[in-house]
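>>> Next input, structure requested:
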Amino acid sequence: MTRIFDAAWREKAALSDGRKVDLRLLRPDDAPLLALGFEKLSDESRVRRFHGPRPHLSADELRYLTQIDGENHFALGALDAAGEGVGVARFVPLPSSTRSKARDSGGCSFSVSAPRPGNAESTGSAVRSSRTTSPCATW
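Numbers count the residues shown, from 1 in each chain. Purely as a prediction, here's the structure:
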């Protein structure tokens, strides 16, 4: 299988408010940045994203969220010019039995989390309008 995205992949994107970000694959050394972003999420955002209250991410959760394989679990980070995390977009393939119901997402679950209000929608729009929609299409 030829990988479309590898560790060196980067793409420039613009958020809906005009800010420029770099999109890149998440990697294991992003765990502290992800934990910091999680701390900035509102309680409501945490409940929506994790389906219940969550005070922090465990070491196992951080490992799962940052040690992606790029095939069965794909995640992109959006970073601003200062290297601050703006948001994370995650793609996970759906079981084949549910893919026919998910034609619009190309057979995968797509989620976005961002620490500041408005950034999740803006990051999601930037990711969807970039070349990064292809991971779902390849599943």
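>>> can we go C-alpha only for contacts and neighbour counts from here?
Noted.
>>> Return the set of buried residues in stretch 71-89.
71, 73-79, 85-89 (16 or more other CA atoms under 10 Å).
>>> got a list of what Leu33 touches?
By CA atoms under 8 Å, 6 or more residues apart in numbering, the residues touching Leu33 are Gly85.
>>> Adding secondary structure, pLDDT and distance to Leu57, write the buried residues of stretch 71-89 out as a markdown table.
Below are those laid out as a markdown table (DSSP: H, G, I helix; E, B strand; the rest coil; pLDDT from 0 to 100; distance: CA to CA, whole Å):
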| residue | secondary structure | pLDDT | distance to Leu57 |
| --- | --- | --- | --- |
| Glu71 | coil | 72 | 23 |
| His73 | coil | 81 | 18 |
| Phe74 | strand | 81 | 19 |
| Ala75 | strand | 86 | 17 |
| Leu76 | strand | 86 | 18 |
| Gly77 | strand | 87 | 17 |
| Ala78 | strand | 87 | 20 |
| Leu79 | strand | 90 | 20 |
| Gly85 | strand | 86 | 16 |
| Val86 | strand | 85 | 18 |
| Gly87 | strand | 84 | 16 |
| Val88 | strand | 85 | 15 |
| Ala89 | strand | 83 | 17 |
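>>> show me where the chain has helices.
31-40, 43-50, 59-66, 96-99, 119-129, 134-138 (DSSP state H).
>>> give me the low-pLDDT residue ranges for the protein?
By pLDDT under 70, the weakly predicted segments of the chain are 1-4, 96-108, 110-112, 114-139.
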